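Asks: How does the following fold in three dimensions:
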Amino acid sequence: MRAVAVEPGKANSIHLRDVPTPSLGAKTPQRDVLVQVLEVGVDGTDREINMAEYGMSPTGDDYLIIGHESFGRIVDVGKDVTEFAAGDYVAAMVRRPGSSIYDAIGRQDLTTDREYYERGINLRHGFLAEFYVDMADYLVKLPSALRHVGVLTEPMSVAEKAIDQAFEVQRRLRVWRPKRAAVLGSGTLGLLATLILRLRGAEVVTMGLTEKPYLNADLLEQIGARYVSTRTQSLREAAKEYGPFDLILEGTGYSPLVFEAMESLGTNGILVMVSVTGGDRKVEIPADRINQGFVLGNKAAVGSVNASREDFERAVQDLAHAELSYPGWLARLITHRVSGLDNYHELIARLEQPNGAIKIVCEVAD
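Replies: Sure thing, here's the model as predicted:
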């Protein structure tokens, strides 16, 4: 079969290649599921892997099939698989278990292992291929009504985990009902995080760099959120005008905003950080003021990466909820569709020069 792959460690090595077609029974025949890939979303992670910033091949291979945002249709199942059947639509989880105690209980998204396994990212092949095989344990079923937006399940799961982590930490307060939230970053993750918070009844201010007119701002306002450009108003100013914020989710990739967010939290507030920043940027911060504010204000900060099965299941539920509450809104997030694996160069070109793109999707099959 055909797949889109890179040679890890070699920049701009993305290519189309023939690879063995997977079949049931290679590792866990009774629990294996064969899936035909329908759509795969791509994002900055795929661009960075192609630039050789990170990513490793599975043992025994010198290439890595990329693509971690999957949506497909089941072709066949192993004899012990009862929760799925041929024709079901599914999305696949990204991370696979390692050796830590968290991996053993199905929370590999919280692994303490230094080495981790992520399909399409590190040490496991991804989904930009015609077919894949995976254990039923790592698949989540979607209703046919979500066929047109099912590819958003994985990025939705990342936002779900971040927000769920906030609620888990805030159980310390016994009673916590966040009324005002700020989402920093107005890309796909920021839009989906805002959607989740709106579905939970919070007033949300979402901040991004681009000034209006801006499609993302229009989309945010359609679901009752407020959009603020950081070119016209800082986070500190927004907190004074629209806060205090009970929850701030930082997903810009610009680490100095983390410390500004710490200053902008309200009493008993929580900051959730999802940006992965691999640089060596240094900034001067008002350390005493931030420390005092956290201590006297009973504030908290937590990092969040990847997602668990529960997060994927919540993602499916909230995608369905959003379709009922804001019909047609999710489909507008998929701004660019690229037809076929042969056009992988267009996928990368779109990522390198987004030109207003929100979610870019490869249509692998009908």
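Asks: could you pull out the strands for the stretch 1-150 of the chain?
Replies: Along the stretch 1-150 of the chain, the segments classed as strands by DSSP state E, counting those that start in this stretch run 2-6, 15-18, 32-42, 64-65, 69-77, 89-92, 95-96, 117-119, 123-124, 131-135, 139-142.
Asks: Do a quick rundown of the helices in this structure.
Replies: Along the chain, the stretches classed as helices by DSSP state H are 44-50, 101-104, 153-169, 188-199, 215-222, 235-242, 256-264, 287-296, 309-325, 344-352.
Asks: Now render the ones you listed as CSV, adding mean pLDDT, distance to residue 362 and mean neighbour count.
Replies: All C-beta spots, glycine's among them, are computed from the backbone N, C-alpha and C. Formatted as CSV, the helices of the chain follow (pLDDT from 0 to 100; distance: least, CB to CB, whole Å; neighbours: other CB atoms under 10 Å):
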stretch, mean pLDDT, distance to residue 362, mean neighbour count
helix 44-50, 95, 10, 20
helix 101-104, 96, 30, 15
helix 153-169, 98, 14, 23
helix 188-199, 98, 15, 24
helix 215-222, 98, 21, 18
helix 235-242, 96, 35, 16
helix 256-264, 95, 31, 20
helix 287-296, 97, 43, 12
helix 309-325, 98, 20, 18
helix 344-352, 94, 6, 18
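Asks: closest one to residue 138 among the ones you listed?
Replies: Nearest to residue 138 among those is helix 309-325; the distance by CB to CB comes to 7.9 Å.
Asks: If you count contacts, what does the closest one end up packed against?
Replies: Counting contacts by 3 or more CB pairs under 8 Å, 6 or more residues apart in numbering; DSSP states H and E, helix 309-325 packs against strand 139-142, helix 153-169, helix 188-199.
Asks: As TSV, the strands of the stretch 1-150 of the chain with mean pLDDT would be great.
Replies: Converted to TSV, the strands of the stretch 1-150 of the chain look like this (pLDDT from 0 to 100):
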stretch	mean pLDDT
strand 2-6	98
strand 15-18	98
strand 32-42	97
strand 64-65	98
strand 69-77	98
strand 89-92	98
strand 95-96	97
strand 117-119	97
strand 123-124	98
strand 131-135	97
strand 139-142	98
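Asks: Any chance of the helices and strands packed on helix 309-325 in CSV with distance to residue 359 as columns?
Replies: Output for the helices and strands packed on helix 309-325, formatted as CSV (distance: least, CB to CB, whole Å):
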stretch, distance to residue 359
strand 139-142, 16
helix 153-169, 8
helix 188-199, 5
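Asks: Run through the residues that contact the most centrally placed residue in the chain.
Replies: The centroid of the chain falls nearest to residue 155 when counting by CA atoms, centre = their mean (2.9 Å). Residue 155 makes contact with 41, 43, 69, 188-189, 192, 359, according to CB atoms under 8 Å, 6 or more residues apart in numbering.
Asks: try residue 190
Replies: Residues near residue 190 by CB under 8 Å, 6+ apart: 183-184, 206, 208, 216, 249, 251.
Asks: Quick one, which of the helices of the chain gets closest to residue 277.
Replies: Across the helices of the chain, residue 277 has its closest neighbour in helix 256-264 (8.8 Å, CB to CB).
Asks: Could you list every helix and strand in contact with the closest one?
Replies: Using 3+ CB pairs under 8 Å, 6+ apart, the elements in contact with helix 256-264 are strand 180-184, helix 235-242, strand 245-250, strand 265-273, helix 287-296.
Asks: Just put those in TSV and tack on distance to residue 366.
Replies: Formatted as TSV, the helices and strands packed on helix 256-264 follow (distance: least, CB to CB, whole Å):
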stretch	distance to residue 366
strand 180-184	35
helix 235-242	45
strand 245-250	36
strand 265-273	38
helix 287-296	53
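Asks: The ones you listed: which one's closest to residue 336?
Replies: Each of the helices and strands packed on helix 256-264 has some distance to residue 336 by CB to CB; the shortest is strand 180-184, at 22.6 Å.
Asks: partners of the closest one, with directions?
Replies: Within its sheet, and counting by DSSP bridges, strand 180-184 is paired with strand 203-208 (parallel), strand 245-250 (parallel).
Asks: what does the first one contact?
Replies: Outside strand 203-208, the residues that touch it by CB under 8 Å, 6+ apart are 179-187, 190-191, 194, 197-198, 214, 216-217, 220, 224-230, 235, 238, 242, 245.
Asks: Same question for stretch 342-360.
Replies: By CB under 8 Å, 6+ apart, the residues outside stretch 342-360 that reach it are 4, 14-16, 41-44, 46-47, 50, 128, 151-152, 155, 187-188, 191, 215-216, 333-338, 362.
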